[in-house]
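Chemist: Give me a model of this one.
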Amino acid sequence: MALPSSGEIKASQINTEAGRSSSAEAPLSGSSSTPQPGSLVKLYEGSGVNQAAPHSYSEFYGISYDVGVIENVIEYLGTWPPSGTPTNYYFPSSIGNASDLSLLDVLYTDGGLTTTLSAGYYYQNNTVNNDRHYCYVTEPCGDTYIEINSSGEIITLVCEYCP
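Modeler: Predicted coordinates for the structure are as follows:
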């Protein structure tokens, strides 16, 4: 559901659209002209809200909160095969689909894009037919290996056995 396209718009509505508590702390953009992490403008970066100052609530008219998802990723802790609970991680929708991820894109642990993924190695088994998997071309074609740095950025992204 999109935010209202006219009339009064409140921070509580913007928070709710993003799947956050309506009372979550909601600075519009932070203390500088560059939107700060945790601000509403930065939160909606992938949904098309203008990231250039000055900022106003009217920038949110008609916007739907949208993020991309890379599904069923397991942290690789040095044992093979990787074991653990498959987890979904998130990225700005402006990237496109998970198959469009590239080096230096940032992955997040939450759909609000506020907490970056911890540094480490991650694995995705692509035997499940799901077009949001990274290594999906016309069909699942191999497993995905991802290395994340301390800033949550992808520094290694390898698809095994893809054409």
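Chemist: What does the pLDDT read for Tyr161?
Modeler: Reported pLDDT at Tyr161 in the predicted model: 64.
Chemist: Thr138 too?
Modeler: For Thr138, the model assigns a pLDDT of 59.
Chemist: likewise Val73?
Modeler: The model reports Val73 with a pLDDT of 83.
Chemist: is it true that it touches Asp143?
Modeler: No: if you go by Cβ atoms under 8 Å, Val73 and Asp143 don't touch, sitting 10.8 Å apart. (Each C-beta comes from the backbone N, C-alpha and C, glycine too.)
Chemist: Need the overlap of contacts for the two.
Modeler: Between them, Val73 and Asp143 share the neighbouring residues 123-124, with contact defined by Cβ atoms under 8 Å, 6 or more residues apart in numbering.
Chemist: Tell me which of those two has more neighbours.
Modeler: More neighbours surround Val73 than the other of Val73 and Asp143, with 24 against 20 (other Cβ atoms under 10 Å).
Chemist: Name the nearest residue to Asn50, ignoring sequence neighbours.
Modeler: Using Cβ to Cβ, 6 or more residues apart in numbering and skipping the chain neighbours, the partner closest in space to Asn50 is Glu59 (5.5 Å).
Chemist: my read is the one you found is in a helix, agree?
Modeler: Yes: counting by DSSP: H, G, I helix; E, B strand; the rest coil, Glu59 is found in a helix.
Chemist: right, and it touches Val49 too?
Modeler: Yes: at 5.1 Å, Glu59 counts as touching Val49 under the criterion of Cβ under 8 Å.
Chemist: so what's in contact with these two at the same time?
Modeler: Contact with both Glu59 and Val49 is made by residues Val41, according to Cβ under 8 Å, 6+ apart.
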